[in-house]
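Enquirer: Whatever this is, show me its structure:
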Amino acid sequence: MLRVIKNRLRGLVAPTLLLALTYYFGWNAVHGPSGLEAQAAQRQQLLSAQQQAASTHQRLVTWQMKVAGLSNQAIQPDMLDAQARTVLNLAETNDMVIDLGGANESK
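Expert: Have a look, this model is predicted:
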């Protein structure tokens, strides 16, 4: 009787070990550091980094165009003067200022 149990247990050792190894490798293939879940997270990080790189590149191009517009040939002095006076809310001595009345004017 003991011999029969011993033989059956011996026959179960190899399949049990193989099933344990299969489970181990299967679990790591899905949940491990290089598994399917980790790859999906890495893909998402890659997409986010690519979008950020594209946005940064667009800002770089915009700033390069602005800086290129600052060269001596690109700036027209009269346009610069007019823009500066508009931003600073100033007028030259020869300018005529007409008050059109604002919305804040009380009656």
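
Enquirer: In CSV, list the C-alpha atoms belonging to the least confident helix or strand in the chain by mean pLDDT.
Expert: Here the helix or strand of the chain ranked lowest by mean pLDDT, DSSP states H and E is helix 77-88, holding a mean of 83. What follows is helix 77-88, C-alpha atoms only, in CSV (Å, rounded to 0.1, in the frame of the first residue of the first chain):
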residue,chain,number,x,y,z
PRO,A,77,11.0,101.7,-37.3
ASP,A,78,7.7,103.5,-37.7
MET,A,79,5.7,100.2,-37.0
LEU,A,80,7.9,99.7,-33.9
ASP,A,81,7.2,103.3,-32.7
ALA,A,82,3.5,103.0,-33.3
GLN,A,83,3.3,99.7,-31.4
ALA,A,84,5.4,101.0,-28.5
ARG,A,85,3.1,104.1,-28.2
THR,A,86,0.0,101.9,-28.3
VAL,A,87,1.4,99.5,-25.6
LEU,A,88,2.7,102.4,-23.4
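
Enquirer: can you pull the buried residues of that helix?
Expert: Buried residues in helix 77-88, counted by 16 or more other Cβ atoms under 10 Å: none are found. (C-beta placed from N, C-alpha, C; glycine too.)

Enquirer: Please compute how far that helix lies from its chain's middle.
Expert: Taking the mean of its C-alpha atoms, helix 77-88 sits 37 Å from the chain's own mean (Cα atoms, centre = their mean, to the nearest Å).

Enquirer: so what does that helix touch, helix or strand wise?
Expert: Judged by 3 or more Cβ pairs under 8 Å, 6 or more residues apart in numbering; DSSP states H and E, helix 77-88 is in contact with no other helix or strand.

Enquirer: helices and strands around the one helix or strand Ile5 maps to, which ones?
Expert: Assigned by DSSP states H and E, Ile5 falls within helix 2-31. Judged by 3+ Cβ pairs under 8 Å, 6+ apart, helix 2-31 is in contact with helix 36-68.

Enquirer: Between helix 2-31 and the helix it packs on, find me the angle.
Expert: 10 degrees (axes from the mean of the first three to the mean of the last three Cα atoms, to 10 degrees).

Enquirer: For helix 36-68, buried residues please.
Expert: Under the neighbour-count criterion of 16+ other Cβ under 10 Å, helix 36-68 has nothing buried.
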